[in-house]
Every structure is written in C-alpha cells, then in structure tokens.
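> one predicted model, sequence on top.
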Amino acid sequence: MRKFNTTGPCFPDEHYMLPALDRLPGVRELVAGGDYFVVHAPRQTGKTTALKALVRETNGKGDMFAIYCSLESLQGATDLNDAMSKLRKLLLQSARIIPAFDATPEDLCAALALDNGPGWTVSAVSETLSALCRKAEKPVVVFFDEADCLVGDVLISFLRQLRVGYINRKTIHVVGL
Ligand SMILES: Nc1ncnc2c1ncn2[C@@H]1O[C@H](COP(=O)(O)OP(=O)(O)OP(=O)(O)O)[C@@H](O)[C@H]1O
Ligand SMILES: [Mg+2]
C-alpha cells in the first residue's frame, strides 16, 4: 500500500497525513452551534478528507451522530422524481453508520413510516432527514459531499428542502458541500 496517497481521500490508518481538520478552521464551532456551512475549494484540495475526518471526530465524541452523504452518483440528473428517489435512498444508506439505522433503505423506509404519498418528491429530503432526526437519540449532523453534481430543478429542490429543514430544525444540523 502506498502511504503517500494521491488517489482520492486520505485515511489516517492508511496514509501519511497532515491534520485534516486544521484545514477547516472554525468548523467545530459551526457544527456545535447548529449552523450550516458550505466548503468550496478547487478539485483535489482535501475537502472529502477533511469532511470524513469531521465525521469520525464527531461520532467519536458521542454527543451527536454524523452522517456523510456523497451526491456524486446524481451527477447531472434532471428527472426530479427519479433524483429525489435516489437522494432518499442515498441518505438512508448513509445513515447506516448510526447503529439504530443499520438496515436496508427499504426496511428503514418502512421503519420510519416514509411513504410515497402525493407530492412526496418535493419533500423527500426534508421528510427523510426529519424522520431520521425524530428517531435518533442525539442531534444529527449531515455532510453532503459533491453537492455541485446536482443541477437545475433537482438542485433547487434539494436546497429548498434543506432550507425548510433548517428553518424548522430542532435537532438537525445540515451541512452542504
Ligand atoms: N490531510 C491531508 N494530508 C495529506 N494529503 C492530503 C490531505 N488531504 C488531502 N490530501 C491530498 O489531496 C488529495 C485529494 O484529497 P481529497 O479527495 O480529500 O480532495 P477533494 O478536494 O475532496 O477532491 P475532489 O475535488 O476530487 O473531490 C489526496 O489524494 C491527497 O494527496
Ligand atoms: Mg472529494
């Protein structure tokens, strides 16, 4: 294994690394304060590495649940219905890091009473996040990576739903990247 990693995110147990969170000064305070934030930087500058370090650190501390969700597979998706379906599935898959949610997306959907009733596509993200937060025993922080893969109506709907969730938040901290 090459310890000098130049192919994708670095992991402390595999690679030589600089302290990843030093690259996001003030981010712990934003998370603790329930704020949302956006990280933008050129390609291959360590965004994913830093976010994954934040997830590890947050889950290691134990006072919150942190979820990492990459939106990369939705690159350029334009069908709103289909994209929201995939987004919900991605979120539920990503939530498996929380022991209480370690189930298939289908089982989790049923357990969280998420249905596909009228108009569900316009609330797929906010409803899924709300349901996860209601069931989790701690505040939940979500890190969306590769958010710039979303385009057009799918991007607008995603951002709108995060905004709704943020305005009505009780126990969730949403972070978009
Ligand atoms: N903390 C670190 N210490 C040492 N090298 C690092 C660190 N973080 C990132 N790198 C270097 O940067 C490369 C890219 O890291 P990473 O995939 O996290 O960046 P990124 O900004 O998410 O990239 P992309 O824009 O492609 O998503 C790594 O392969 C590694 O060479
Ligand atoms: Mg990345």
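Perfect, thanks for sending it. Ligands and ions are numbered 1, 2, ... in the order given.
> which secondary structure element is home to the residue of the chain found nearest ligand 2?
Scanning the chain for proximity to ligand 2 using Cβ to the ion identifies Thr48 as nearest, at 3.2 Å. To be clear about C-beta, it is placed using only N, CA and C from the backbone, and glycine gets the same treatment. Element membership of Thr48 [criterion: DSSP states H and E] is helix 47-61.
> is that helix up against ligand 1 anywhere?
Yes: Helix 47-61 is in contact with ligand 1 by Cβ under 6 Å from any ligand atom, via 47-49.
> in that helix, what's buried?
47-56, 58-59 (16 or more other Cβ atoms under 10 Å).
> for that helix, packing partners?
Using 3 or more Cβ pairs under 8 Å, 6 or more residues apart in numbering; DSSP states H and E, the elements in contact with helix 47-61 are helix 27-32, strand 65-70, strand 140-145.
> now the angle between strand 65-70 and that helix, please.
Angle, helix 47-61 to strand 65-70, by axes from the mean of the first three to the mean of the last three Cα atoms, to 10 degrees: 160 degrees.
> export helix 47-61 as CSV, just CAs?
In CSV, the C-alpha atoms belonging to helix 47-61 read as follows (Å, rounded to 0.1, in the frame of the first residue of the first chain):
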residue,chain,number,x,y,z
LYS,A,47,-12.4,18.6,1.0
THR,A,48,-13.6,15.0,1.3
THR,A,49,-10.6,14.0,3.5
ALA,A,50,-11.5,16.9,5.9
LEU,A,51,-15.2,16.1,6.0
LYS,A,52,-14.6,12.4,6.6
ALA,A,53,-12.3,13.4,9.5
LEU,A,54,-15.0,15.6,10.9
VAL,A,55,-17.5,12.7,10.7
ARG,A,56,-15.0,10.4,12.5
GLU,A,57,-14.3,13.0,15.2
THR,A,58,-18.0,13.9,15.7
ASN,A,59,-19.1,10.3,16.0
GLY,A,60,-16.1,9.6,18.2
LYS,A,61,-17.1,12.3,20.7
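> please state the offset of it from the chain centre?
Its chain's C-alpha centre and that of helix 47-61 lie 12 Å apart, by Cα atoms, centre = their mean, to the nearest Å.
> contact partners of that helix?
With contact meaning Cβ atoms under 8 Å, 6 or more residues apart in numbering, helix 47-61 is reached by 8-12, 17, 20-21, 23-24, 27-28, 31, 39, 41, 64-68, 70, 97, 141, 143, 145, 177.
> what do you get for stretch 104-123?
Here stretch 104-123 makes contact (Cβ under 8 Å, 6+ apart) with 80-81, 84-85, 88-89, 92-93, 95, 101, 103, 127-128, 131-132, 135, 157, 161, 164.
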